[in-house]
Each structure stands twice: as C-alpha cells, then as structure tokens.
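Trainee: Predicted model and sequence follow; I will ask about them next.
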Amino acid sequence: MATGLGGLVELVAGGGVLVLSGAGLSTDSGIPDYRGPTGSLRRGSPMTFQEFTGSAAARRRYWARSHLGWRTIARARPNAGHDAVARLQHRGLVDAVITQNVDGLHQAAGSSDVVELHGGLDRVVCLCCGDVTSRAGLDARLTVANPGFGADVERVNPDGDAEVPDEVLEDFVVVDCLRCGSGPLKPDVVFFGERVPPDRTERCFTLVDAARAVVVLGSSLTVMSGYRFVLHASRRGIPVAVVNRGPTRADDRADVRVDAPLGDVLPVLAARLAVPADRTA
C-alpha cells in the first residue's frame, strides 16, 4: 500500500475516478461529522427510522431539533475540498461522485453526476402520499407554527439534527403534509435503520464497475451502505484510495492511504493535476 500525496496524485492522474465522499469532507464547511479523528462515535446518536416512524413524540423532537439545525445546513457553503473535487471533475479526471452526505455541497461547488446515497436535506417527503416538497417551504411553515421558538444549540449533526435540551422541545408544533392533509413529513434522507432505495444502490454499483479507481474522501466507512462499494471495487481489482483523518474500515483494502486533513490534501491534488493527464497514451 502506498502512503502520502504522491501515490494519490499518480492514481487520480490516470482519470476514470469515482469519488465516494463522507461527512469528513464537510467539516470545513461547519458541519461536524459523527466521528472524531480516532474514529470513535461522538455523543448524540442519530435518529433511527424505526423511532421516527413509530412515535409522534419522536417526530416532534426530531423536527424541533432539525428546525434549529437547518439554519446551519442551509447557510453552509462548499469548502476547498468540494471545490477541488469539482475542479478535478471539470478536468475530466473524476467521472462521478457518490456522496454519503445530505448537505448538497458537492452540487453547490459545481460537481455533476452526483448520487446522493442517503438523500438530501433540501427535500421533504410525506410518509403517506409520497409528495416531495422543498425544505425551505417546510421551514417557513414551521416558523409560522412556532413563533418565538428558539434554543441554544450545542451541536448540529451531519443530518441537520441539532443537539438541544429536551425540555425546550415539548411544546413544538409539527405540521403535516399540505397535499393529503394528514401525512407525517420526513426529510428525504435515509435514516439509520432504513434501506437505501434499490435503484439508487444499483446505480452506485454501476458507477463502481465503470470506474478505473475509487477514491474515498472523509469517511471512516463504518456503515455498510458506503463500505460495500469499496468491497465491490476491491473484489473486482479496481484500485482504492482512502483520504481520511484517522483509521477507516477499508485501510487494509486501500492501495493508497493518506491520513491528513482533506482541506490540505485536495487543493494540492487539484493544483498538481491542473493539466489533464493524457488518457489516450
């Protein structure tokens, strides 16, 4: 296994790269990840699908916290890492992006052919009729329904769930679907314990099969929904590079490993590959 930036430059220079990104890529945009540099889970476990769908009280707590946390997600802007990925794609070296993030920052940076593996926080779906609407519209409705609501936010998780004291959430008013009138609303993201839509999964496997190399950015790959694509690449003999602070589940399968801040590594990578490699040679 190669380590350091040189091996990464050599791998990406050949083009045909599929990027698999995780929460560590968005930390420089002000969105904390679930795990620290050691890979250990931080406090504040995410909401599960079973809890959300099985309890009106859980949905109230979630939407109250998410209403506060949405401000952080909505004002986040792409950082140097997102910009570097977009630049590499524009130069023809990166073909597509699979992101485990739900913040939309790859697209905001200018990347195309982005598969949001776990969905996007900018959309809301009704659990009864399936109607999909904008998060901005829901935010406005929740603001009207909860005048003066606010709390000191201790932390905002990557799914937009703010950590606040439970006692400030008890009187929060949740609104239902405007289309069917009674359906509970859920952010259009895959919660823990929920299955990624099969067609989306199949699309990701197709992208792996078409890739010359897979580059993992900012993910410990603890969750199988993302790790399975690294396993698939490894089984097919497709080189894998991992750039992440701290250990990852794929370290023993990586052909290239860089343990360094993405905000330092990716801009340098993009600068060194400013002239696209000759992929016809």
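Mentor: Structure's in. What do you need? All values derive from a computational prediction rather than experimental measurement. Residues are numbered from 1 along each chain as shown.
Trainee: Show me where the protein has its helices.
Mentor: 5-13, 49-54, 56-75, 80-90, 105-109, 135-145, 198-210, 224-235, 262-272 (DSSP state H).
Trainee: got the buried residues for the shortest one?
Mentor: Meaning helix 105-109. Neighbour-count burial for helix 105-109 flags 105-107, 109 (criterion: 16 or more other Cβ atoms under 10 Å). Any C-beta I mention is one placed from the backbone N, CA and C, and that applies to glycine too.
Trainee: from these, which is closest to Ala80?
Mentor: Ala109 (9.6 Å; Cβ to Cβ).
Trainee: How about the contacts made by the residue nearest to Gly119 when sequence neighbours are not counted?
Mentor: Distance criterion Cβ to Cβ, 6 or more residues apart in numbering; nearest residue to Gly119, sequence neighbours excluded, is Val189 at 3.8 Å. Neighbouring residues of Val189 by Cβ atoms under 8 Å, 6 or more residues apart in numbering: 102, 118-121, 159.
Trainee: same thing with Pro32?
Mentor: 23, 42, 155-158.
Trainee: Which elements pack onto the helix or strand of the chain at the bottom of the mean pLDDT ranking?
Mentor: For the chain, counting by mean pLDDT, DSSP states H and E, strand 155-156 ranks last in confidence among helices and strands (a mean of 74). Under the contact criterion of 3 or more Cβ pairs under 8 Å, 6 or more residues apart in numbering; DSSP states H and E, strand 155-156 touches helix 56-75, strand 162-163.
Trainee: In the longest one, which residues are buried?
Mentor: Put plainly, it is helix 56-75. 59-70, 72-73.
Trainee: now do stretch 191-205
Mentor: 191-192, 194, 200-201, 204.
Trainee: And the contacts of that stretch?
Mentor: 46-50, 52, 98, 115, 117-118, 159, 190, 225, 229, 232.
Trainee: Kindly report the same for stretch 175-185.
Mentor: 53, 56, 59, 63, 124-129, 131, 133, 138, 141-142, 145, 174.
Trainee: chain center to the longest strand seen in the chain, what's the gap?
Mentor: Using DSSP state E to assign secondary structure, the strand with the most residues in the chain is strand 119-126. Computed by Cα atoms, centre = their mean, to the nearest Å, the chain-centroid distance of strand 119-126 equals 13 Å.
Trainee: Now do that strand, average pLDDT.
Mentor: Mean pLDDT, strand 119-126: 97.
Trainee: What strands line up against that strand, and which way round?
Mentor: strand 132-134 (antiparallel), strand 185-189 (antiparallel) (DSSP bridges).
Trainee: which of the buried residues of helix 105-109 lies closest to Arg91?
Mentor: Distances from Arg91 to the buried residues of helix 105-109, taken by Cβ to Cβ, are shortest for Ala109, at 14.1 Å.
Trainee: which residues touch the closest one?
Mentor: With the criterion set at Cβ under 8 Å, 6+ apart, Ala109 makes contact with 78, 82-83, 85-86.
Trainee: Quick one: low-confidence residue ranges for the stretch 151-281 of the chain.
Mentor: 151-152, 154, 275-281 (pLDDT under 70).
Trainee: oh sorry, the question was meant for the stretch 1-150 of the chain
Mentor: 34-45.
Trainee: hmm, 50 instead?
Mentor: 37-43 (pLDDT under 50).
Trainee: quick one on the thing from earlier: save the helices and strands packed on strand 155-156 as JSON lines, and put in distance to Gly4 too.
Mentor: Shown next, in JSON lines, are the helices and strands packed on strand 155-156 (distance: least, Cβ to Cβ, whole Å):
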{"stretch": "helix 56-75", "distance to Gly4": "34"}
{"stretch": "strand 162-163", "distance to Gly4": "37"}
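Trainee: and His10, how far is that from Leu269?
Mentor: Rather than His, residue 10 is Glu. Glu10 sits at a distance of 11 Å from Leu269 (criterion: Cβ to Cβ, to the nearest Å).
Trainee: When these two are compared, which one has more neighbours?
Mentor: Per other Cβ atoms under 10 Å, whichever of Glu10 and Leu269 has more neighbours is Leu269, with 24 against 13.
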